[in-house]
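Student: Make a model of this:
(one chain, ligands or ions: 1)
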Amino acid sequence: MEGWHGWDAYAPVYDWENVRTVGHRDIPFWRRQVVACGGPVLELGCGTGRVLLPMARTGEPVVGLDRSTNMLGLARRRLRRARGTDSARLVRGDIRSLPFASDRPFSLVMAPYGVLQSLLRN
Ligand SMILES: C[S@@+](CC[C@H](N)C(=O)[O-])C[C@H]1O[C@@H](n2cnc3c(N)ncnc32)[C@H](O)[C@@H]1O
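Tutor: Here you go, the predicted structure:
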């Protein structure tokens, strides 16, 4: 089974659990990268928008890509409720086959918090 399985089921408890683990500790690092590189920024596996939302608040255009409908649903709700996140866009897709035109590059492509481990098979 590939590591992307299970995220739809995990979605309802993702934020509850992660506020107790990584919390916001990695956010200043990612914000610094976004400010240094400028947009557009692509977050691979954006999940519930834990990182995407503060990235959007920099004002740079940010795109969050995720395969899980439920994780994206929570990200959409989070962005809708927040202010200053109009620069964010959510896309459903697989990070192994990016649904973007190659003539429109991103300044920064980031994969925070174990996203690439989801590509492992067991
Ligand atoms: C550990 S979460 C990280 C979420 C977010 N980046 C964060 O820091 O909170 C991993 C995310 O990667 C997504 N994901 C895993 N494999 C994927 C794939 N092949 N394509 C797109 N998204 C994938 C999952 O649906 C999940 O939302």
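
Student: Ends of stretch 39-51, what's the gap?
Tutor: Length of stretch 39-51, first residue to last, C-alpha to C-alpha, to the nearest Å: 15 Å.

Student: where exactly do the helices run in this protein?
Tutor: 7-18, 27-37, 52-56, 69-81 (DSSP state H).

Student: Now do the helix or strand of the chain with the lowest mean pLDDT: which elements does it pack against?
Tutor: Taking mean pLDDT, DSSP states H and E as the measure, the helix or strand of the chain with the lowest value is helix 7-18, at a mean of 92. For helix 7-18, the packing partners by 3 or more C-beta pairs under 8 Å, 6 or more residues apart in numbering; DSSP states H and E come out as helix 69-81. From N, CA and C alone the C-beta is placed, and that goes for glycine too.

Student: Buried ones in the helix it packs on, by neighbour count?
Tutor: 70-72, 74-75, 78-79 (16 or more other C-beta atoms under 10 Å).

Student: Quick one: residues in contact with it.
Tutor: Here helix 69-81 makes contact (C-beta atoms under 8 Å, 6 or more residues apart in numbering) with 7-9, 11-12, 14-15, 46-49, 52-53, 56, 64, 66, 85, 88, 90, 92.
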